[in-house]
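1. here is my input; please provide its structure:
(one chain, ligands or ions: 1)
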Amino acid sequence: MCTKKFDNEKLTQSFEKIMAGNRQWSQEVQNDETGLFHELAKGQHPDLLWIGCSDSRVPANQITGTRPGDVFVHRNVANVCVHSDMNMLSVLDFAVNILKVKHIIVAGHYGCGGITAAMSKKQYGLLDNWLIHLKDVYEMHANELNAIADTHKREDRFVELNVVEQVASLCKTTIVQNAWKERDDLAVHGMVIQLETGELVDLNVTATKSDNRLKEFYAFE
Ligand code: ZN
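-> Next up, the predicted model:
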């Protein structure tokens, strides 16, 4: 059954657990008679692009109660949307212009390690250069954040403000701006996941064609 053995026993056990999990899931879905795999083989038509954190505790499908085929996903450390990130831009372009998704959710989460790391002065290696994007967000909101005495509350607010800024970041892209010139059924949402309950908290910063808070300076013709 197992396709590969490693010299290290723990490595083998860990790998076998992954493969066994796949076999079980595959069999269960084939047995549930919903024809999911038959549908998936035809193509994908997701309504949602999810931009979330890489953290293992915040999987897009489970959080939204959806199945394979329902959500197009991009994840990175602390759900950052950087305009020079070809990975993020390619996912965004494909989702908006080819898949024609109706909703984009930037999903942060409380207890985000990336946010905590960005608030410290400790070095984590290469990651530090990614965290600078988060430090920039903190700097933009330093007055508000520094006024929060409780460290956990300050972190939580930083998580929220990061999501707010990443939503604004997406709205600045030509991809989203051009999509709004063609259609009005595209909304960009900012939400935060509560790890204790799995619930999504809507930050009410949803941007649409008619209500997007895009500063005039960033508007392309
Ligand atoms: Zn995170």
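2. only C-alpha atoms from now on, for both contacts and neighbour counts.
-> Fine.
3. and the residue in the chain that the ion sits nearest to, what's its pLDDT?
-> Proximity to the ion, evaluated over the chain using CA to the ion, is greatest for Cys112 at 3.6 Å. pLDDT for Cys112: 98.
4. that one: how many residues sit nearby?
-> 22 (other CA atoms under 10 Å).
5. now it: how far from His152?
-> Here the criterion is CA to CA, to the nearest Å. By it, Cys112 lies 11 Å from His152.
6. please apply the same query to Leu170.
-> 27 Å.
7. more neighbours: which of these two?
-> Set Leu170 next to His152 and count neighbours by other CA under 10 Å: Leu170 wins out with 23 against 13.
8. which residues touch the more buried one?
-> 81, 176, 188 (CA atoms under 8 Å, 6 or more residues apart in numbering).
9. strands - which of these land there?
-> Secondary structure defined by DSSP state E assigns Val188 of the contacts of Leu170 to strands.
10. sec struct for the residue nearest the centre of the chain, please.
-> Among the residues of the chain, the one closest to the centroid is Gly52, at 1.4 Å (CA atoms, centre = their mean). With DSSP: H, G, I helix; E, B strand; the rest coil as the basis, Gly52 sits in strand.
11. quick one: buried residues of stretch 121-128?
-> Residues Asp128 are the ones in stretch 121-128 that count as buried (16 or more other CA atoms under 10 Å).
12. what about Lys153, how many neighbours?
-> Count around Lys153 with other CA under 10 Å applied: 13.
13. wasn't it part of a strand?
-> No. With three-state DSSP as the criterion, Lys153 is located in helix rather than a strand.
14. where does pLDDT dip in this protein?
-> Low-confidence segments of the chain (pLDDT under 70): 1-4.
15. interface residues of it facing the ion?
-> For the chain, the residues in contact with the ion (CA under 5 Å from the ion) are 53, 55, 78, 112.
16. and those as TSV, adding distance to Phe37?
-> Shown next, in TSV, are the residues of the chain next to the ion (distance: CA to CA, whole Å):
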residue	distance to Phe37
Cys53	27
Asp55	27
Ala78	32
Cys112	34
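17. how many other residues sit next to the residue lying closest to the residue of the chain closest to the ion once chain neighbours are set aside?
-> Of all residues not flanking Cys112 in the chain, Ala78 sits nearest, at 6.8 Å (CA to CA, 6 or more residues apart in numbering). Ala78 has 27 neighbours, counted by other CA under 10 Å.
18. ok, now which ones touch Ala78?
-> 52-54, 108, 112-115.
19. where does it fall, helix, sheet strand or coil?
-> coil.
20. give me the distance between it and Gly114.
-> Distance from Ala78 to Gly114, by CA to CA: 5 Å.
21. now do Glu16
-> 30 Å.
22. of the two, who's got more company?
-> Between Glu16 and Gly114, counting by other CA under 10 Å, Gly114 is the more crowded of the two (21 against 17).
23. give me the phi and psi angles of the more buried one.
-> The phi/psi pair for Gly114 (degrees, to the nearest 10) reads phi -60, psi -40.
24. what of Val71?
-> Per degrees, to the nearest 10, the backbone of Val71 is at phi -130, psi 130.
25. going forward, count from 18.
-> Got it, the first residue is 18 from now on, which makes the last one we talked about Val88.
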